[in-house]
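S.K.: Model the structure of this input:
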Amino acid sequence: MINKISPSVEAALADVPDGATVMIGGFGTAGQPAELIDALIAQGAKDLVIVNNNAGNGDTGLAALLAARRVRKIICSFPRQADSHHFDGLYRSGQIELELVPQGNLAERIRAAGAGVGAFFTPTGYGTELAKGKETREINGTHYVLEYPIHADYALIKAERGDRWGNLTYRMTARNFGPIMATAAKVTVATVHEVVGLGEIDPETVVTPGIYVKRVVKISRTATTAGGFKQAA
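M.R.: Numbering: from 1, shown residues only. A predicted model of the protein is given here:
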């Protein structure tokens, strides 16, 4: 019997090794799997490569992972915000590597990994510092830059509902990067607020099919993060 339900976030992340590449869903805090991030901090894996839309906010979630000095490199689109002080401090002191990727390119590089695309040309970034050292080509009068997929060892995402096969649905904009990250990782771990029986999710509404998900963990609607803040649904 296929049953991908894990008893806890700790059990779901117990095998994350040092040096792993980990995709973390979320657009800022919307859809960020805070409980999984806290469990990853507690688990102790270090020298991680993190793929996320930004570089953390305040002192919780992804920012707390950075503050714990567990991240060697971050691949993201928006590393600096008003409250990204942990990333700022690490980057300015040379303690973290940054790969800056335009948001559309980030999404497409992740999607390409899941789709089995070897590389693709995009006009975004051409003529800028981000294109230095990369192959370029002119196609039908437009200049393009060659970009490669981003593959991950793990993807940590937050969904709304799931079943024991790993089929997932999301809550509005909390969906963001979750579906494409799930396809691009060897092991996808998803938190859900509701576990339902097989067949209770209309197949037409499944966003992430269970074939892409290895582990599902049920969490409460509102949980307290390691930093003492409430993480809303």
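
S.K.: ok, Asn53 - contacts?
M.R.: By C-beta atoms under 8 Å, 6 or more residues apart in numbering, Asn53 lies in contact with 26-28, 76-78, 103, 106, 176-177. Where you see a C-beta, it was placed from the backbone N, CA and C, and this is true even at glycine.

S.K.: Can you tell me which of the residues you listed is nearest Asp202?
M.R.: Asp202 has its nearest neighbour among the contacts of Asn53 in Asn176, at 21.8 Å by C-beta to C-beta.

S.K.: List every C-alpha atom in stretch 215-222, with coordinates, as CSV.
M.R.: Taking C-alpha atoms only, stretch 215-222 is exported to CSV below (Å, rounded to 0.1, in the frame of the first residue of the first chain):
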residue,chain,number,x,y,z
ARG,A,215,6.5,12.7,1.8
VAL,A,216,3.5,14.5,3.2
VAL,A,217,3.2,15.9,6.7
LYS,A,218,0.1,17.3,8.3
ILE,A,219,0.5,20.5,10.2
SER,A,220,-1.9,22.7,12.2
ARG,A,221,-3.6,25.7,10.6
THR,A,222,-1.5,28.1,12.8
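
S.K.: Quick check: phi and psi on the nearest residue to Pro149 once chain neighbours are set aside?
M.R.: Of all residues not flanking Pro149 in the chain, Ala113 sits nearest, at 3.7 Å (C-beta to C-beta, 6 or more residues apart in numbering). Note on Ala113: its backbone torsions stand at phi -60, psi -40 [degrees, to the nearest 10].

S.K.: What about Ala113, how many residues nearby?
M.R.: Neighbour count for Ala113, taken as other C-beta atoms under 10 Å: 20.

S.K.: wait, it sits on His151?
M.R.: Yes - contact criterion C-beta atoms under 8 Å: Ala113 and His151 qualify, at 4.6 Å.

S.K.: picking up where we left off before, for the contacts of Asn53, point out the one with the lowest pLDDT.
M.R.: When the contacts of Asn53 are compared by pLDDT, Gly28 scores lowest at 83.

S.K.: Verify the stated contact: that one with Gly56.
M.R.: No - judged on C-beta under 8 Å, Gly28 makes no contact with Gly56 at a distance of 9.5 Å.

S.K.: out of the two, which sits in the more crowded spot?
M.R.: More crowded of Gly28 and Gly56, by other C-beta under 10 Å: Gly56, with 30 against 16.

S.K.: How about the more buried one: what's its closest non-neighbour residue?
M.R.: Leaving aside its sequence neighbours, Gly56 sits nearest to Ala63 (C-beta to C-beta, 6+ apart; 3.1 Å).

S.K.: per-residue confidence for that neighbour?
M.R.: Ala63 is given a pLDDT of 93.
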